[in-house]
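[1] Sequence first, then the predicted structure:
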Number of protein chains: 2
Amino acid sequence: METPERLYLARAFATRTGVTVRALHHYDRLGLLKPSRRSEAGYRLYSDRDIARLQQIVTLKFIGLPLKQIKGIVSARSIHLIATLRRQRLLLEERRRQMDRAIRSIAAAEKVAQGTVGPDPEALRKVIQVIEMTNNMDWTKQYYSEAAQAKIADRATLWNPELQAAVTQQWSALVADVKAAMAAGEDPGGRQAQQLVARWTELVRGFTGGDAEIQAGLNKLYADRKNWPKVSFDPGFDETVHAFIVKAMASGKTSAAE
Amino acid sequence: METPERLYLARAFATRTGVTVRALHHYDRLGLLKPSRRSEAGYRLYSDRDIARLQQIVTLKFIGLPLKQIKGIVSARSIHLIATLRRQRLLLEERRRQMDRAIRSIAAAEKVAQGTVGPDPEALRKVIQVIEMTNNMDWTKQYYSEAAQAKIADRATLWNPELQAAVTQQWSALVADVKAAMAAGEDPGGRQAQQLVARWTELVRGFTGGDAEIQAGLNKLYADRKNWPKVSFDPGFDETVHAFIVKAMASGKTSAAE
DNA sequence: CTTCAGGTCTGACGTTACGTCAGAGTCAAG
DNA sequence: CTTGACTCTGACGTAACGTCAGACCTGAAG
């Protein structure tokens, strides 16, 4: 009989397919979806076949593919369809892990924020601390054994922003003192240096609680320092400082861990 | 003694804090982080205090806040810190659900794509089908009881893209026939109409498997049709078609479900 | 003193997927 | 003929920088 070629004007087509008219213009310009016809006046006329194509586009957009790739897939045959799907999944999974970390950090921050009263001169600082702390714990997790992780989580119950601030402060001070000692040409075996070592091991104990498993994880963590994300804690702590302490430890009788 | 006011040049400051020089320029222009001083030549000179501020910025960026909001938080006191955290968390959680759906869809698509051989004239179509199918199942989940969901998952094992294509095709054909019957002024009680009803109930049975719980969920789903996402399946299916079938069901003795 | 490598500055355009005007033409109805 | 409702194209805006490009600064080597 007759071809029931229904033609839709922009808005009709748009509402029927759930996109906006402007998006249709966009896809048109990109060559992603050109209407099968144009009216004399230049109006876009979409057919039912266009619906199918748009459907594909929308679906591929749903899984997060950029329009350029979508074009490659629906226009020509992209031999790499399977590879593309896989890459996209891995990419999304990575982002998801990232978001999980962010969400956990915020949740932790909300708890301490609830605790603070008044406006927030100090609240912000605490929130920042907690977010970084949570993120760091999340991030360093990979270096610890299951057992060590459990123990850390256990010890984490007695943690709070104030303590964190104090400890950070102590590390900064210690690092500064070590640098000063080095600048003064202090002997790694001397009494001065040994006192610094004592403060150092004391601070480390504050974190490990003297636990060997935690200490082992900490060593692995430090060994991989070149891969640390740049943003973390870090109170001026550098290679030379660490080297000095190690030397001082060796020359002293202190045989504590690295 | 003397103020140990260490000053960093752009690159030094950037590498030390893990951001790029260009990002520093950007934050400067936005008024988010202006270096405490400038050299005679106009070079940016960052101090240790700037480090602290940048640290805050980076941390807030980590939880996904836009720079504008970050500015509000670190510059003035944003009384809404707690509210901001909460909103941001909810937003991220929403996005995460969205991503989870996409990931599950891709995973399902990868399976069928593995199955297909050669290039992909047909593969794309299958992949699209599977993605939509998975997404729809994910989406419609909310309407079904736990028990119904289990049963659906059970029945889903005998599902495949070809079947899906065939069923979609049958629905389209049926809807077209119903429309034709209505246009012809067919009597809802007539034999023609009753045959249409039979086809209809048959197709519904194909999905429900005759299960009452699934049927109940399906009814809830349909009742909420005004909230359906525009993109889904939908073979031309509209209000008038449904009304005709309901009337035909009522006038016939067919007492099957709605 | 000149040159050269390497770092810095500002300004402008590119990116992603459209949203939001703005000015102008189209179309059916009153 | 005038509305009102659409449509079209072009241009600018968005977020957070990346990437030149052209010009300037600085310290060291020749």
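    Noted; the coordinates are in hand.

[2] What are the contacting residues of stretch A:102-120?
    A:122-123, A:126-127, A:130-131, A:133-135, A:138, A:160-161, B:62-64, B:77-79, B:81-82, B:85-86, B:88-89, B:92-93, B:96 (Cβ atoms under 8 Å, 6 or more residues apart in numbering or on different chains). All C-beta spots, glycine's among them, are computed from the backbone N, C-alpha and C.

[3] Ok, stretch A:43-56 next?
    A:5-10, A:13, A:16-17, A:19, A:24, A:27-28, A:33, A:35-39, A:70, A:74, B:124, B:128, B:132, B:231.

[4] 7 Å - rerun?
    The contact list for stretch A:43-56, computed with Cβ atoms under 7 Å, 6 or more residues apart in numbering or on different chains, reads A:5-10, A:13, A:17, A:24, A:28, A:33, A:35-39, A:74, B:128.

[5] Buried among those? Need that as a selection in ChimeraX.
    In ChimeraX, this line selects whichever of the contacts of stretch A:43-56 come out buried by 16 or more other Cβ atoms under 10 Å in any protein chain shown:
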select /A:7,8,10,13,17,24,33,35,74 /B:128
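
[6] If we check DNA strand D, which of the contacts of stretch A:43-56 are in contact?
    By Cβ under 7 Å from any atom of the strand, the members of those lying near DNA strand D are A:9, A:10, A:28.

[7] Now do the last one, the pLDDT please.
    The per-residue pLDDT reported for residue A:28 equals 97.

[8] now do the second one
    Per-residue confidence (pLDDT) for residue A:10: 96.

[9] so who does it touch?
    A:21, A:24, A:44.

[10] Going by distance to DNA strand D, which of those wins?
    When the contacts of residue A:10 are compared for distance to DNA strand D (Cβ to the nearest atom of the strand), residue A:44 wins out at 3.3 Å.

[11] Phi and psi next, for that closest one.
    Per-residue torsions, residue A:44: phi -70, psi 130 (degrees, to the nearest 10).

[12] Tell me how far it lies from residue B:100.
    For residue A:44, the distance to residue B:100 equals 36 Å [Cβ to Cβ, to the nearest Å].

[13] Compare the two and say which is more crowded by neighbours.
    Each of residue A:44 and residue B:100 has its neighbours counted (other Cβ atoms under 10 Å in any protein chain shown); residue A:44 has more, 21 against 14.

[14] Poorly predicted segments of the stretch 51-200 of chain A, please.
    Along the stretch 51-200 of chain A, the parts satisfying pLDDT under 70 run over A:77-78, A:117-121.

[15] Which members of the ones next to DNA strand D among the contacts of stretch A:43-56 occur in strands, if any?
    residue A:9 (DSSP state E).

[16] picking that back up, select from the contacts of stretch A:102-120 every entry located in helices.
    In helices, judged by DSSP state H, the following of these are found: A:123, A:126-127, A:130-131, A:133-135, A:138, A:161, B:62, B:81-82, B:85-86, B:88-89, B:92-93, B:96.

[17] could you flag which of the residues you listed are buried?
    Buried, going by 16+ other Cβ under 10 Å: A:123, A:126-127, A:130-131, A:133-135, A:161, B:62, B:81-82, B:85, B:88-89, B:92, B:96, out of the ones in helices among the contacts of stretch A:102-120.

[18] Give me every residue in the stretch 101-250 of chain A lying close to chain B.
    Counting by Cβ under 7 Å from any Cβ of the partner chain, the positions of the stretch 101-250 of chain A adjacent to chain B are A:102-103, A:105-107, A:109-110, A:113-114, A:119-121, A:123-124, A:127-128, A:131-132, A:135, A:229-231.

[19] hmm, back to that, can you narrow the contacts of stretch A:102-120 to ones near DNA strand D?
    Within the contacts of stretch A:102-120, nothing lies near DNA strand D by Cβ under 7 Å from any atom of the strand.

[20] three-state assignment of residue A:40?
    Under DSSP: H, G, I helix; E, B strand; the rest coil, residue A:40 falls in the coil class.

[21] Could you give the number of residues near it?
    Residue A:40 has 5 nearby residues by other Cβ under 10 Å.

[22] Please report how far the most centrally placed residue in chain A lies from DNA strand C.
    Centroid-nearest residue in chain A: residue A:98, 4.3 Å away (criterion: Cα atoms, centre = their mean). Distance of residue A:98 to DNA strand C, computed by Cβ to the nearest atom of the strand, to the nearest Å: 18 Å.

[23] Look at that residue and give its secondary structure.
    helix.
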